[in-house]
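What follows is a predicted protein model with its sequence.
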Amino acid sequence: AFELRLARRGIRVPVPVGVSAAQALLDHGIEIALSCEQGVCGACVLPVLEGIPEHRDVFLSSAEKAANRCFTPCCSRAATPHLLIDL
Ligand code: FES
């Protein structure tokens, strides 16, 4: 489990084990773009301001993954206790 902190809204959204980050956001009434939900299309990509994502998608390039400036909430998770995202 980890936590998403939404920089622009100033709220925190917990992401339990077994629930995607995208689903946790939707459950909190946060509208995000979703399409494939399998880490393929890139529709859901969100900017990361702080924290390290655990990238599980095949959309971002290796360089993008290494930079840790964005992640795909449909399938990726966090390697740090929280991710601060620009949302
Ligand atoms: Fe397609 Fe997340 S919805 S990569």
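Okay, I see it. Remember, predicted model here, so these are calculated numbers, not experimental data.

Contact residues of this protein facing the ligand?
34-37, 39-44, 57, 59, 72, 74 (Cβ under 6 Å from any ligand atom). Using the backbone N, CA and C atoms, a C-beta is placed for each residue, glycine as well.

Just want the most central residue of the protein.
For the chain, Pro73 is the residue whose C-alpha lies nearest the centre (Cα atoms, centre = their mean; 3.3 Å).

Would you double-check that it falls in a strand?
No: under DSSP: H, G, I helix; E, B strand; the rest coil, Pro73 sits outside any strand and is assigned coil.

Use 19 as the first number for this chain going forward.
All set: I'll call the first residue 19, so the last point we hit is now Pro91.

Now do the contacts for it.
Applying Cβ atoms under 8 Å, 6 or more residues apart in numbering, we find Pro91 in contact with 22, 38-40, 43, 50, 62, 64.

Please produce CSV containing the residues you listed, extended by neighbour count and secondary structure.
As requested, the contacts of Pro91 are arranged in CSV below (neighbours: other Cβ atoms under 10 Å; DSSP: H, G, I helix; E, B strand; the rest coil):
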residue, neighbour count, secondary structure
Leu22, 24, strand
Ser38, 19, coil
Ala39, 25, helix
Ala40, 21, helix
Leu43, 22, helix
Ile50, 16, coil
Cys62, 24, coil
Leu64, 21, strand
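
Report the outermost residue of the protein with respect to its centre.
Ala81 (17.3 Å).

so that residue sits in a strand?
No: per three-state DSSP, Ala81 lies outside any strand segment and is helix.

Tell me the spacing between it and Gln41.
28 Å (Cβ to Cβ, to the nearest Å).

Please enumerate the helices of the protein.
39-45, 80-85 (DSSP state H).

Would you reformat the ones you listed as JSON lines and include mean pLDDT?
Formatted as JSON lines, the helices of the chain follow (pLDDT from 0 to 100):
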{"stretch": "helix 39-45", "mean pLDDT": "98"}
{"stretch": "helix 80-85", "mean pLDDT": "98"}
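
Would you mind saying which of the ones you listed lies nearest Pro99?
Among the helices of the chain, helix 39-45 comes nearest to Pro99, with 13.7 Å by Cβ to Cβ.

Good, we can wrap up now.
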